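Colleague: sequence below, structure please.
(2 chains)
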Amino acid sequence: MFKDVSFGQYYPANSPIHRMDARVKLIITLMFVVGIFFIKSYFGFMLTAALLITIVLVAKLPIGSVLKSVRGVLFIVAFTALINLFLGGENGSEILWSWKKLVITVSSVHTTIKMVLRLVLLITGASLLSLTTTPVALADGVESLLSPLRLIKVPVRDIAMIMSIALRFIPTLFEETHKIIAAQKSRGAAFDTGGPLQRAKALLPVLIPLFVNSFRRADELAFAMDSRCYNATDNRTKMKVAKIGLADCISSLVMSGYFVVIMLDRYFWCGLVDTLMFGGLV
Amino acid sequence: MSYIVLKGVNYSYSLGEGRSLKALKNLSFSVEKGSFVALVGMNGSGKSTLSKLLNGLFLPTNKSGQVIVDGINTKEVDAGNLKDGDGKEITAFDVRKKVGIVFQNPDNQTVATIVEDDVAFGPENIGLPREEIVDRVYSALESVGMMEYAERPVSKLSGGQKQRVAIAGVLAMRPDVIVFDESTAMLDPLGRREIMSIAKDLNDQGITVIMVTHNMDEAALADRIIVLEKGQIVLDGTPKEVFSHDVTVYGLTLPPATETANRLVEKGFAFDTTITNEDELVEGVCKQLR
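Modeller: Below you'll find the model as predicted:
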């Protein structure tokens, strides 16, 4: 049920992408996430896919672990696709199929395809960040980017610590969930039968022990952190200090170029490239 | 020289509504620098509570109770009225730098995802310069034999390896004392042996080791065993002295070697029942065969 969730899991490899400054990666990812919502043309999506494939190749990530993160949101993608298929069409578009009030038009098919592409690319792109950045580096990056907020007394260091601990415990809690499910199944609990409501109810005996254990874990972790002198003051130093390098400059340039092309495509070329590439299809 | 001194320590947990549970009652003992002490006792005997008192995570709940670590009274540290030679305040961190604890569950004491980041956590907290942190992290990983795993995620390691990382995390603080709070309880026999041999090595290097355990085989390796029952010390001495008593009345078992010797005596053999380990047992059996 929760098998192989790779979102948020670091994949260690020796690549320029892995060595990049987490702050740069965070900003680039943010640009990517904003940019993808401006894309309206197939050309834009092709460009995005090409960009992501390049990153995956440079970062030496196995394609399987990248796709796993998409698998986790497959249901949401499918659901969005269905809604768009029936409701996403424009008025006056050619009708392909209809039954009572449900209508599929040429334009709704296009909207659906684009929506699916957008979601899949979005999730893939975002997961590249966590696959290539250690949680500590990520937390340090967030801390550094949010540090101006310390002026208005936001506890930025604590927030960064909470974030990195949360990421650290994702695999531990998944493993624990598996164990609890196995334990409940061995005592006759049924998770795979019945309607959706019954299945949701069957999860309750899993969630309760999971929560109780999480509190116990938190308690023990607090003792361990206290014993190792945890404090969120300015006295704290860091073993790894991020530095901006060549890879950061190149990737920032590439990303800015990508962003400009996306904007040009949307506001100036207005689908021209699509018409040139795909002819009358679009 | 006594490094840790406990004087008349009580500890009670508040259960709410004015009720409380007395975990430790009028406990007094001291631990010599460089010794290897085993703290044993049944569940609920107060041994884990005691280990948390040793570095000031817990403070004695009675007024007269004191825990003194290398001359520092943990209660006065908490009240903030101790100063060092330069007039700087001595804080709880100064005590925790001296006494590190390795806890039971390896999963619940790792803070970072990557091995080296986790080992660096303590040194980062006490504000060491970068080069010093790197130095300490690698020498700590070296001494627990986890160097090649430095850049691996902790979640992919075995239980014994995770616990070795936890020991490295404590070692990177360069403590004088390491308390192992049932650190082997959740490990397989191989993992246990690894941790015990690391503890023994560290003790040979001059670090004081306090081993909280209910495995008598492990306790037999110590120089001194303290047996706790219901928050009080009932036996205190060398393994030979302790195991010459009937420890089963305190809910403990004898080490397998001692147990075997006792059974041989029951069957009419003339056998030394003060032995505590396998080697002595083998030696004894060989003598009988001669």
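Colleague: would you mind naming what in the stretch 101-250 of chain A lies close to chain B?
Modeller: Applying CB under 8 Å from any CB of the partner chain, we find that the stretch 101-250 of chain A lies next to chain B at A:134-136, A:164-165, A:167-168, A:171-172, A:175, A:217, A:220-221, A:223-231, A:235-241. No exception for glycine: its C-beta is placed from N, CA and C like everyone else's.
Colleague: show me where pLDDT drops low in the stretch 1-150 of chain A?
Modeller: Counting by pLDDT under 70, the ranges of the stretch 1-150 of chain A that qualify are A:1-8, A:89.
Colleague: in it, what residue spans correspond to helices?
Modeller: Assignment of helices within the stretch 1-150 of chain A using DSSP state H, counting those that start in this stretch yields the ranges A:16-19, A:22-36, A:42-58, A:63-71, A:74-87, A:106-132, A:135-146.
Colleague: circling back to that earlier point, out of the residues of the stretch 101-250 of chain A next to chain B, which are buried?
Modeller: Buried members of these, counted by 16 or more other CB atoms under 10 Å in any protein chain shown: A:134-136, A:164-165, A:167-168, A:171-172, A:217, A:220-221, A:223-231, A:236-237, A:239-240.
Colleague: who's sitting farthest from the centroid in chain A?
Modeller: Distance from the C-alpha centroid of chain A, by CA atoms, centre = their mean, peaks at residue A:100 (37.9 Å).
Colleague: measure it to chain B for me?
Modeller: Separation of residue A:100 from chain B (CB to the nearest CB, to the nearest Å) stands at 52 Å.
Colleague: now that residue, what are its backbone angles?
Modeller: Per-residue torsions, residue A:100: phi 50, psi -120 (degrees, to the nearest 10).
Colleague: give me whichever of the helices of the stretch 1-150 of chain A is most buried.
Modeller: With neighbours taken as mean count of other CB atoms under 10 Å in any protein chain shown, these reach their highest mean count in helix A:135-146, at a mean of 21.
Colleague: show residues contacting it.
Modeller: With contacts defined as CB atoms under 8 Å, 6 or more residues apart in numbering or on different chains, helix A:135-146 is touched by A:10, A:21-23, A:25-27, A:129-130, A:133, A:154, A:156-157, A:159-161, A:163-164, A:167-168, A:238, A:240, A:242, B:112-114, B:117.
Colleague: ok but residue B:24 is inside a helix, no?
Modeller: No: according to DSSP: H, G, I helix; E, B strand; the rest coil, the state of residue B:24 is strand, so it is not within a helix.
Colleague: okay, and the beta partners of it?
Modeller: residue B:11 (DSSP bridges).
Colleague: touching, it and residue B:46? I think so.
Modeller: Yes: using CB atoms under 8 Å, residue B:24 makes contact with residue B:46 at a distance of 4.8 Å.
Colleague: between these two, which contacts overlap?
Modeller: In contact with both residue B:24 and residue B:46: B:11, B:231, using CB under 8 Å, 6+ apart.
Colleague: higher neighbour count, the two?
Modeller: When residue B:24 and residue B:46 are compared on other CB atoms under 10 Å in any protein chain shown, the one with more neighbours turns out to be residue B:24, at 26 against 23.
Colleague: who touches that one in this structure?
Modeller: B:9, B:10, B:11, B:46, B:49, B:50, B:53, B:231, B:232.
Colleague: show me which residues of the stretch 151-290 of chain B sit near chain A.
Modeller: Residues of the stretch 151-290 of chain B lying close to chain A (CB under 8 Å from any CB) are B:151, B:152, B:153, B:154, B:155, B:169, B:170, B:173.
Colleague: what is the neighbour count of the fourth one?
Modeller: Around residue B:154 sit 23 other residues, with neighbours defined as other CB under 10 Å.
Colleague: one more: the fifth one?
Modeller: Each residue near residue B:155 was counted by other CB under 10 Å, and the total is 19.
Colleague: quick one: pLDDT of it?
Modeller: Per-residue pLDDT puts residue B:155 at 84.
Colleague: for residue A:52, what are its contacts?
Modeller: Per CB under 8 Å, 6+ apart, neighbours of residue A:52: A:121, A:124, A:125, A:128.
Colleague: between the residues you listed, which is nearest chain B?
Modeller: Checking the contacts of residue A:52 against chain B by CB to the nearest CB gives residue A:128 as the nearest, at 17.0 Å.
Colleague: show me where the stretch 101-250 of chain B has its helices.
Modeller: With helices called from DSSP H, counting those that start in this stretch, the stretch 101-250 of chain B shows them at B:115-125, B:130-143, B:159-171, B:189-204, B:216-219, B:239-243.
Colleague: make a markdown table from those and add mean neighbour count and mean pLDDT to it.
Modeller: Formatted as a markdown table, those follow (neighbours: other CB atoms under 10 Å in any protein chain shown; pLDDT from 0 to 100):
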| stretch | mean neighbour count | mean pLDDT |
| --- | --- | --- |
| helix B:115-125 | 27 | 92 |
| helix B:130-143 | 18 | 93 |
| helix B:159-171 | 25 | 94 |
| helix B:189-204 | 17 | 91 |
| helix B:216-219 | 22 | 88 |
| helix B:239-243 | 21 | 88 |
